[in-house]
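S.K.: predicted model and sequence below, questions to follow.
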Amino acid sequence: MLVVEGLVKRFGGFTAVNNVSFKVDQGEILGLIGPNGSGKSTIFNMLSGTFPPSAGSITFEGHEIAGLAPHRIINRGIGRTFQIPRPFRRLTIFENVELAGFYGQGGNRGSHSRAKADEAAEKALAMVGLPTDRQAPVDGLGAAGLKKLELAKALATGPKLLLADESLGGLDEHEMDQAADMLRKIRDELGITIIWVEHIMGVLMRVVDRVMVLDHGEKISEGLPSAVSSDPKVIEVYLGTDADATQAAAAEQRR
Ligand SMILES: Nc1ncnc2c1ncn2[C@@H]1O[C@H](COP(=O)(O)OP(=O)(O)O)[C@@H](O)[C@H]1O
Ligand SMILES: [Mg+2]
């Protein structure tokens, strides 16, 4: 479904993504993990058209899409969530998702259907478990609710491939499990293929079919979750961060 070859992104003299290649099969959930700053969001930004790659190709359903504008990529069927939710706070929950439903229709000015946008919004909200009533405000939503809203907006654009960026940040353990189950449900019930980016490894490994690991912009490992989590290169990269986290927690307790 998606074939990425030799993807590179440079910011000035800094190479954020260095010659990364991978494939995603129809119906699969691919996990993309790596420490902070390893290039995960940058890959998503290139896949979704936020900015063009410095080099490499991105083929989606047989067509080259590298460098296309975001709205063109959405209309080809690639939807995304953002790591940091930024909803329109003056609009209701429903209106935020309805807007995404309009956006996902593509076409020319005047050709959009409100009925279709509303239907897409209702389905998406029901899928993620947010209220479908038209008045519910965005303000009442906590971290988990805002993540659900991000997901509903992406779903309302009608994606075949969903790019989910760090859906777990700021969630407690129970909410993380729920978020993971929801991505599974979206794949199982809607048949949407998913690439899920996360720097927290645990919950993701339970849900994904396959996982790819980035470090300093390069792919260092790829395969089944069981194989990748015992790969010495992956352990080395993650050990540093885990040790830091353990020390930080211990220091917190002593205070
Ligand atoms: N727009 C940008 N301009 C300059 N540097 C960037 C930009 N976006 C990301 N970077 C840098 O690229 C690297 C990878 O970032 P990112 O893809 O956001 O990492 P991750 O999502 O894995 O935490 C980081 O060093 C980051 O500072
Ligand atoms: Mg990121």
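M.R.: Perfect, thanks for sending it. What you are looking at is a predicted structure, and each value in this text was computed from that prediction instead of being measured. Numbers count the residues shown, from 1 in each chain. Ligands and ions are numbered 1, 2, ... in the order given.

S.K.: which residues of the stretch 101-250 of the chain lie near ligand 2?
M.R.: Taking Cβ under 5 Å from the ion, no part of the stretch 101-250 of the chain reaches ligand 2. (Glycine included, C-beta is placed from N, CA and C.)

S.K.: identify the residues contacting the closest residue to ligand 2 within the stretch 101-250 of the chain.
M.R.: Using Cβ to the ion, residue 166 is the residue of the stretch 101-250 of the chain that sits closest to ligand 2, at 5.7 Å. Residues near residue 166 by Cβ atoms under 8 Å, 6 or more residues apart in numbering: 40-41, 83, 197-199.

S.K.: okay, and which of those residues map to strands?
M.R.: 197-198 (DSSP state E).

S.K.: filter the contacts of residue 166 down to the buried ones, ChimeraX style.
M.R.: Those of the contacts of residue 166 that count as buried under 16 or more other Cβ atoms under 10 Å are selected in ChimeraX with:
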select :40,41,197,198,199
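
S.K.: pick out the lowest-pLDDT one from the contacts of residue 166.
M.R.: Lowest in pLDDT among these is residue 199, which has 77.

S.K.: confidence score at residue 146?
M.R.: 93.

S.K.: list the contacts of it.
M.R.: 85, 87, 138.

S.K.: let's see that with 6 Å instead.
M.R.: Contact analysis of residue 146 by Cβ atoms under 6 Å, 6 or more residues apart in numbering lists residue 85.

S.K.: quick one: the spatially closest residue to residue 46 that is not a sequence neighbour from residue 98, how far?
M.R.: In this structure, residue 46 finds its nearest non-sequential neighbour in residue 53, 4.8 Å apart by Cβ to Cβ, 6 or more residues apart in numbering. Using Cβ to Cβ, to the nearest Å, one gets 32 Å for the distance from residue 53 to residue 98.

S.K.: do I have it right that residue 112 meets residue 102?
M.R.: Yes: between residue 112 and residue 102 there is a contact under Cβ atoms under 6 Å: 5.3 Å.

S.K.: when these two are compared, which one has more neighbours?
M.R.: Shown here are residue 112 and residue 102; by other Cβ atoms under 10 Å, residue 102 has more neighbours (19 against 15).

S.K.: where's that one, which helix or strand?
M.R.: Taking DSSP states H and E as the criterion, residue 102 maps to helix 93-103.

S.K.: mind giving me the packing neighbours of that helix?
M.R.: Applying 3 or more Cβ pairs under 6 Å, 6 or more residues apart in numbering; DSSP states H and E, one finds that helix 93-103 contacts helix 114-128, helix 143-156.

S.K.: need those helices in a markdown table (columns: distance to ligand 1).
M.R.: What follows is the helices and strands packed on helix 93-103, written out as a markdown table (distance: least, Cβ to the nearest ligand atom, whole Å):
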| stretch | distance to ligand 1 |
| --- | --- |
| helix 114-128 | 23 |
| helix 143-156 | 16 |
